[in-house]
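# Quick one: sequence plus predicted model below, questions after.
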Amino acid sequence: MELELRHLRTIRAIADAGSLTRAATALGLAQPALSAQLRRIEHALGGALFERGRHGVRTTALGELVLERTRVVLPAVSELQREAARFARTRRVGQRLRLGGTHGPLLGALVDRLADAAPGTTVTTCASWSERELAELLAEGRLDFALTGTCGSAPPPDPPHLVWEEIAVDPVFVMLADGHRLAAEPEVDLAALADEEWACVPGDGCFADCFTAACARAGFTPRRMYETDTASCVHLVQVGRAVGLCRATFPPTPGLAVRPLAGTPLMWRHLLGRHPAGQRQDTADTVLAQAREAHAGAAARSDSYAQWLAQRRPDAPDDVRRPVPRHPLRRLP
């Protein structure tokens, strides 16, 4: 009998279960059938892998050797299967792209732009508040690209082997009700909002900690923070319940005034993530270019962002609604 992967999985299951009875249940086999299979495996390997006792099984020295190899072989085969699936998808040009994204206007804008740039492509989307969840979906091959971001210069989400490319870096602005006492100001000092309650969309990066630190530098501790979806944040601001934190590209919304924070205490870095084996390079280049154009379009539609940019670009021409300067394509650690 030649050893097969299913035999290694059987050995792993017996070792994990600690008994043939429990392993048979986990594998959906009758115990006599599992015992017979184990005997054949042991014969093929040249010796006993387990010592049987009243309280279960224990691995022999040979069994430990084989188990050690399974810890390398089985994950390697699983990764090979995932890589093969990704490679096969790259051959099916123009058929399907799976995009993930956090809250914000860029995901919808990117889908819209790809409809023109790649008309033969079916685009599906997956939205999540969790940057880490999106990164895991990329690593598992369940997404092709993910639009997400980090606070300031924080590193991208953790899974290894992913490529993260920068789309743009924006200041964080504040949303105020039209009738707020500071709504007519060209910019708002964070310290002037010390007595306010706050609204923000949730996330699992460091933004909450960075915001708290910025408030501490301004001399106060923020009061209650409502973490909820974008529509609910907008409602809480419109009715005067809270002031909201938002990216500078937040679209014009009735009942809201979006203003920069004096001194720009918080920044947000937009990122596009992918697995290097997930798509062809020309496809990746197209998606990145369209994501940058989507961001530029969102920035151009924001009066407050256009004014903020103009103040920091004294040599800019009168038309400040052109796409904002984009960061060069680069890989991030």
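That came in fine, so what should we check first? Small disclaimer: the values here were computed from a predicted structure and weren't measured.
# Leu74 contacts Leu8, doesn't it?
Yes - contact criterion CB atoms under 8 Å: Leu74 and Leu8 qualify, at 6.1 Å. Where C-beta positions appear, they are placed from N, C-alpha and C, glycine not excepted.
# So which of the two has more stuff around it?
Neighbour tally, Leu74 and Leu8, criterion other CB atoms under 10 Å: the higher count belongs to Leu8, 18 against 14.
# and that one, helix, strand or coil?
helix (DSSP: H, G, I helix; E, B strand; the rest coil).
# Now Leu106: phi and psi?
phi -70, psi -30 (degrees, to the nearest 10).
# Against Arg217, how distant is it?
To Arg217, Leu106 is 29 Å away according to CB to CB, to the nearest Å.
# Could you do Thr228 as well?
On the measure of CB to CB, Thr228 and Arg217 end up 26 Å apart.
# Which residue of these two possesses the greater neighbour count?
Set side by side, Thr228 and Arg217 show more neighbours around Thr228, with 15 against 12, by other CB under 10 Å.
# who touches the more buried one in this structure?
Residues counted as contacts of Thr228 (CB atoms under 8 Å, 6 or more residues apart in numbering) are 199, 201-202, 236.
# Go through those residues and single out the one with the most neighbours.
Going by other CB under 10 Å, Ala199 tops these with 24 neighbours.
# Mind telling me what element that residue is part of?
Per DSSP states H and E: Ala199 is located in strand 198-200.
# that older thread, biggest separation within the contacts of Thr228, which pair?
Of all pairs drawn from the contacts of Thr228, the widest gap by CB to CB lies between Pro202 and Leu236 and measures 13.9 Å.
# re earlier: now for the strand holding Ala199, which elements pack on it?
helix 207-217, strand 225-227, helix 230-238, strand 243-247 (3 or more CB pairs under 8 Å, 6 or more residues apart in numbering; DSSP states H and E).
# Can you give me the end-to-end span of stretch 16-30?
17 Å (CA to CA, to the nearest Å).
# could you point out which element follows the helix or strand hosting Arg259?
Assigned by DSSP H and E, Arg259 belongs to strand 256-260. Next along the chain after strand 256-260, taking DSSP H and E as the criterion, comes strand 267-274.
# Run through the neighbouring helices and strands of that next one.
helix 131-139, strand 145-151, strand 163-177, helix 281-300.
# List the contacts of it.
Contacts of strand 267-274 with the rest of the structure, by CB under 8 Å, 6+ apart, involve 106, 134-135, 138, 144-154, 156-157, 162-172, 207, 247, 284, 287-288, 291, 295, 332.
# His275 reaches Val163, doesn't it?
Yes - assessed by CB under 8 Å, His275 is found in contact with Val163 at 7.4 Å.
# For the two, indicate the residue with more neighbours.
Each of His275 and Val163 has its neighbours counted (other CB under 10 Å); His275 has more, 21 against 15.
# Contacts only, for the closest residue to the more buried one other than its chain neighbours.
Distances taken as CB to CB, 6 or more residues apart in numbering put Leu138 closest to His275, at 5.5 Å, once the chain neighbours are dropped. By CB under 8 Å, 6+ apart, the contact list for Leu138 reads 100, 145-146, 159, 162, 273-275, 278.
# CSV please, covering these and showing distance to Asp195 and pLDDT.
Listed next are the contacts of Leu138 as CSV, based on distance: CB to CB, whole Å; pLDDT from 0 to 100:
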residue, distance to Asp195, pLDDT
Gly100, 38, 94
Phe145, 42, 95
Ala146, 38, 95
Pro159, 41, 74
Leu162, 42, 92
Gly273, 39, 95
Arg274, 44, 93
His275, 46, 90
Gly278, 48, 78
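# For these, work out which two are farthest apart.
Phe145 and Pro159 (14.4 Å).
# Between the two, which is the more surrounded one?
Comparing Phe145 with Pro159 by other CB under 10 Å, the one with more neighbours is Phe145, at 25 against 16.
# Contacts for stretch 13-25, please.
10, 26-27, 30-31, 33-35, 38, 50, 52, 55-57, 59, 63, 67.
# start to end distance for it?
Using CA to CA, the two ends of stretch 13-25 sit 10 Å apart.
# Just the buried positions in it, please.
13-15, 17, 19-20, 22-24 (16 or more other CB atoms under 10 Å).
# ok, now stretch 151-168?
For stretch 151-168, by 16+ other CB under 10 Å, it's 151, 154, 156-157, 159, 162, 164-168.
# residues contacting Arg259?
Here Arg259 is in contact with 173-174, 176, 182-183, 185-188, 304 (criterion: CB under 8 Å, 6+ apart).
# How much space separates it from Asp285?
Taking CB to CB, one finds Arg259 at 36 Å from Asp285.
# a markdown table please, covering the buried residues of stretch 13-25 and showing distance to Pro119 and pLDDT.
Putting these into a markdown table (distance: CB to CB, whole Å; pLDDT from 0 to 100) gives the following:
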| residue | distance to Pro119 | pLDDT |
| --- | --- | --- |
| Ala13 | 49 | 91 |
| Ile14 | 54 | 92 |
| Ala15 | 53 | 92 |
| Ala17 | 53 | 91 |
| Ser19 | 58 | 90 |
| Leu20 | 58 | 89 |
| Arg22 | 55 | 90 |
| Ala23 | 53 | 90 |
| Ala24 | 54 | 89 |
